[in-house]
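1. Here is the input, now give the coordinates:
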Amino acid sequence: MMRIIVFTKQVPDTTEVKVDPVKGTLIRDGVKSIMNPEDKNALEAALRIKDSIGAKVTVITMGPPAAEAILRESYAMGADEAILITDPLFAGADTWVTSMILARAAQIIGYDLILCGRQAIDGDTAQVGIEIAEHLGIPAIAYATDIRTENEKILVTRELENVYEVISVNTPCLITCSKELNIPRYMRIYNIFGCFDKPITVMNNSVLKFDKMEVGLVGSPTKVRRTFTKGPKEQGNVVNLSAQESAEVLVSALKRLHVI
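-> Residues are numbered from 1 along each chain as shown. Have a look, this model is predicted:
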């Protein structure tokens, strides 16, 4: 049976995000948290493989104890196993250290396929998934908009800037999932009632065995120099012309910007 790991992240509502001006980290206290949307697409992809050919789906998240909430949600959607990685030593980890920790967990439990969201809405780096694959030394395919199994291979359609690629890959591999991949299913009523009785395995540093200088804020090579809130876009120009005149104005503007 295929073993699938889905990495998920608990993220704050991005309309309410505030940044600690000293540490450069997000302030999450008192902010409503949700499962990262594209991680839900990854979980849905895993559950569809489970429904079609059979698989064991393990959902893993790293965060404070409160992140258990999205693991319960994963159970309610149909996951088979849930793991919470939590330890005060891991607090403040950047993408590189986070991916190193998640990769260690994947090595411990074993896997054939790893799925995760393309990026998290709180950081928008799109780095962690690819870095996990780098730590594990396995192929990675990003921006998946379709995932199919064919015999012992995985067929992935991914969207690039102006073209779609179809890639055939052997397992083990890692795929990052875009929101266009699918529509995540709702939690099922009979699973909701049972999800609070299901076990959540906790992995801390006594299990993962990192040196304390390797992890957390102290082990993170990324240092935040400045944070800012993105300002509103400038007001555009509205013209009321004929189709021919509008085309001439547009072409002229694009030429001035050296787009054409």
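
2. Quick one: mean pLDDT for the helix or strand where residue 58 lies?
-> Element membership for residue 58 (DSSP states H and E) is strand 55-62. Averaged over strand 55-62, pLDDT sits at 97.

3. Identify all contacting residues around stretch 124-143.
-> 7, 95-96, 98-100, 102-104, 106-107, 114, 116-120, 156, 158-160, 167, 169-170, 172-176, 178 (C-beta atoms under 8 Å, 6 or more residues apart in numbering). In this view, the C-beta of every residue, glycine as well, is placed from N, C-alpha and C.

4. again, only using 6 Å
-> 95, 98-100, 102-103, 116, 118-119, 156, 158-159, 167, 169, 172-176, 178 (C-beta atoms under 6 Å, 6 or more residues apart in numbering).

5. For residue 90, the count of nearby residues, please.
-> 22 (other C-beta atoms under 10 Å).

6. For it, grab phi and psi.
-> Backbone dihedrals for residue 90, given as degrees, to the nearest 10, come out at phi -90, psi -10.

7. tell me the contacts of it?
-> Each residue near residue 90 by C-beta under 6 Å, 6+ apart is listed here: 215-216.

8. Surely residue 4 touches residue 45?
-> No. Here residue 4 lies out of contact with residue 45, judged by C-beta atoms under 6 Å, at a distance of 8.8 Å.

9. For the helix or strand hosting residue 175, output the C-alpha coordinates as PDB.
-> For residue 175, the host element (DSSP H and E) is strand 173-177. Provided in PDB are the C-alpha atoms of strand 173-177 (Å, rounded to 0.1, in the frame of the first residue of the first chain):
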ATOM      1  CA  CYS A 173       9.000  12.000  -4.800                       C
ATOM      2  CA  LEU A 174       7.600  15.200  -3.500                       C
ATOM      3  CA  ILE A 175       4.900  17.300  -5.200                       C
ATOM      4  CA  THR A 176       3.700  20.800  -4.300                       C
ATOM      5  CA  CYS A 177       0.100  21.500  -5.100                       C
END
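
10. helices or strands next to that strand in the packing?
-> helix 37-53, strand 113-117, strand 140-150 (3 or more C-beta pairs under 6 Å, 6 or more residues apart in numbering; DSSP states H and E).

11. Could you rerun that using 10 Å?
-> Strand 173-177 sits against strand 2-8, helix 37-53, strand 113-117, helix 128-136, strand 140-150, strand 153-159, strand 164-170, with contacts defined as 3 or more C-beta pairs under 10 Å, 6 or more residues apart in numbering; DSSP states H and E.

12. do you know which of these lies nearest residue 223?
-> Evaluated with C-beta to C-beta, the helices and strands packed on strand 173-177 place helix 128-136 nearest to residue 223, the distance being 17.2 Å.

13. quick one: that closest one to strand 173-177, angle?
-> Orientation check (axes from the mean of the first three to the mean of the last three C-alpha atoms, to 10 degrees): helix 128-136 against strand 173-177 gives 170 degrees.

14. Can you give the distance from helix 128-136 to the centre of its chain?
-> 12 Å (C-alpha atoms, centre = their mean, to the nearest Å).

15. tell me the angle that helix makes with strand 2-8.
-> Helix 128-136 runs at 130 degrees relative to strand 2-8, counting by the same axes, to 10 degrees.

16. Format the CA atom coordinates belonging to helix 128-136 as PDB.
-> Provided in PDB are the C-alpha atoms of helix 128-136 (Å, rounded to 0.1, in the frame of the first residue of the first chain):
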ATOM      1  CA  VAL A 128       9.700  24.600   2.300                       C
ATOM      2  CA  GLY A 129       8.300  21.900   0.000                       C
ATOM      3  CA  ILE A 130      11.300  22.000  -2.400                       C
ATOM      4  CA  GLU A 131      13.700  22.200   0.500                       C
ATOM      5  CA  ILE A 132      12.300  19.100   2.100                       C
ATOM      6  CA  ALA A 133      12.900  17.200  -1.200                       C
ATOM      7  CA  GLU A 134      16.500  18.600  -1.200                       C
ATOM      8  CA  HIS A 135      17.100  17.300   2.300                       C
ATOM      9  CA  LEU A 136      15.700  13.900   1.400                       C
END
